[in-house]
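>>> Let's see this in three dimensions:
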Amino acid sequence: MATYTVKIVDHTKSDELQKYKGGIKRIAQERFDEAFANTADTVTVSWGNGTEKDDLVIHFCPGRRQLVY
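Below you'll find the predicted structure:
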């Protein structure tokens, strides 16, 4: 049985994202639970700084304005 860790990292420094963090984590956890259903493996999703011990690190970065030439 393996336990995988997924870390979501916020690089946006956006107050707007704060109100969505709980929902983002919940939905990500639900998708991993669905993907690993009927297996002995588990996945734990959390917000924080990614480390070498994490199996997957997802980065939320500030949006970039589209350049028009």
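
>>> worst-scoring helix or strand of this structure, pLDDT-wise?
One helix or strand of the chain scores below all others by mean pLDDT, DSSP states H and E: helix 15-18, with a mean of 87.

>>> List the buried residues for the very next helix or strand once past it?
Heading C-terminal from helix 15-18, the first helix or strand you meet, by DSSP states H and E, is helix 21-35. Neighbour-count burial for helix 21-35 flags 24, 28, 32 (criterion: 16 or more other C-beta atoms under 10 Å). (C-beta placed from N, C-alpha, C; glycine too.)

>>> Tell me how far the most centrally placed residue in the chain lies from residue 39.
Against the mean C-alpha coordinate of the chain, by C-alpha atoms, centre = their mean, the closest residue is residue 8 at 3.3 Å. Distance of residue 8 to residue 39, given as C-beta to C-beta, to the nearest Å: 22 Å.

>>> so where's the chain uncertain?
For the chain, the stretches flagged by pLDDT under 70 are 64-69.

>>> Let's see the longest strand along it as CSV, backbone CA atoms only.
Secondary structure of the chain per DSSP state E: the longest strand is strand 3-10. Provided in CSV are the C-alpha atoms of strand 3-10 (Å, rounded to 0.1, in the frame of the first residue of the first chain):
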residue,chain,number,x,y,z
THR,A,3,0.5,6.8,0.2
TYR,A,4,1.1,9.6,-2.3
THR,A,5,1.3,13.3,-1.4
VAL,A,6,0.1,16.1,-3.6
LYS,A,7,1.0,19.7,-2.7
ILE,A,8,-0.7,22.7,-4.2
VAL,A,9,1.6,25.8,-4.2
ASP,A,10,0.1,29.3,-4.4
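
>>> Paired strands for that strand, with orientation please.
strand 42-47 (parallel), strand 56-60 (parallel) (DSSP bridges).

>>> Now distance to residue 16 too, for the ones you listed, in a markdown table please.
As requested, the strands paired with strand 3-10 are exported to a markdown table (distance: least, C-beta to C-beta, whole Å):
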| stretch | distance to residue 16 |
| --- | --- |
| strand 42-47 | 15 |
| strand 56-60 | 11 |
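
>>> For residue 14, find the nearest of those.
Residue 14 lies closest, by C-beta to C-beta, to one member of these: strand 56-60, at 8.6 Å.
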